[in-house]
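S.K.: sequence and predicted structure are below.
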Amino acid sequence: MLPGNIERFVRDFSRLPGIGRKTSERLSFYILSQPSEFSKELSEAIVRLKEETRLCSQCGNITDSDPCPICNDSSREMNVICVVETAIDIYYIEETGSFKGLYHVLGGLISPLNGVTPDDLELNSLLKRVTGLGIKEVVVALSSTTEGDATALYIREMLESKGVMTTLPARGIPVGTDIQYAGKGSLAQALRNREELK
């Protein structure tokens, strides 16, 4: 039986995604084997992560400055917005180097079975940005799932009367795959070959 303080660490740390009990036990013993300075720096980094990180007031990206560096970059295409489900999707797309426009984080997908309606997402702020910035194209880069497709169709219908072209990344991303699990090459090709949402 583990001492109480280690057991608490193992229990709490195993709540993180992808970290099971065995991994949490190994990590706890690793931390214990390191100098005290290591655990202090690690705990300070966790506190700073939570305290110094915020959402960009314009796009919803995770950032330590507001607006985020992407929204603040005047060299980007200011008439194209890529709509994503979560902020982490921005980083996967940015790694491809194939998209130079702006982003908009929805914060989820329409899912009536899970009680998520359009009002629960950042759709009104998307509409305001599209009209306010004179956006010409909205790239809907959502997961190829039933919820992702339903959300994409909702966005297309929402923007239909605004004269904005709504496109999807080409279906080089396998159906049922989250953006974050698509390979870098597949994601880059899908963005380059995006098509109009119909």
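M.R.: In hand now; what should we look at?
S.K.: R21 contacts D12, correct?
M.R.: No. Applying C-beta atoms under 8 Å as the test, R21 and D12 come out as separate, 11.4 Å apart. Just so you know, the C-beta spots here come from the backbone N, C-alpha and C atoms, and that holds for glycine as well.
S.K.: need the residue in the protein that's farthest from the chain's center.
M.R.: M1 (39.6 Å; C-alpha atoms, centre = their mean).
S.K.: how far away is that residue from P169?
M.R.: Distance from M1 to P169, counting by C-beta to C-beta, to the nearest Å: 51 Å.
S.K.: which other helices and strands contact the longest helix that the chain contains?
M.R.: Longest helix of the chain, by residue count under DSSP state H: helix 36-52. Contact partners of helix 36-52 among helices and strands, from 3 or more C-beta pairs under 8 Å, 6 or more residues apart in numbering; DSSP states H and E: helix 21-33.
S.K.: just the pLDDT for L127.
M.R.: We have a pLDDT of 96 for L127.
S.K.: for Q189, same thing?
M.R.: 67.
S.K.: one more: G163?
M.R.: 88.
S.K.: and it, how many neighbours does it have?
M.R.: 7 (other C-beta atoms under 10 Å).
S.K.: burial measure for the residue nearest to I31 when sequence neighbours are not counted, as a count.
M.R.: For I31, ignoring the flanking residues on the chain, the nearest one in space by C-beta to C-beta, 6 or more residues apart in numbering is S39 at 5.5 Å. For S39, the count of nearby residues is 12 (other C-beta under 10 Å).
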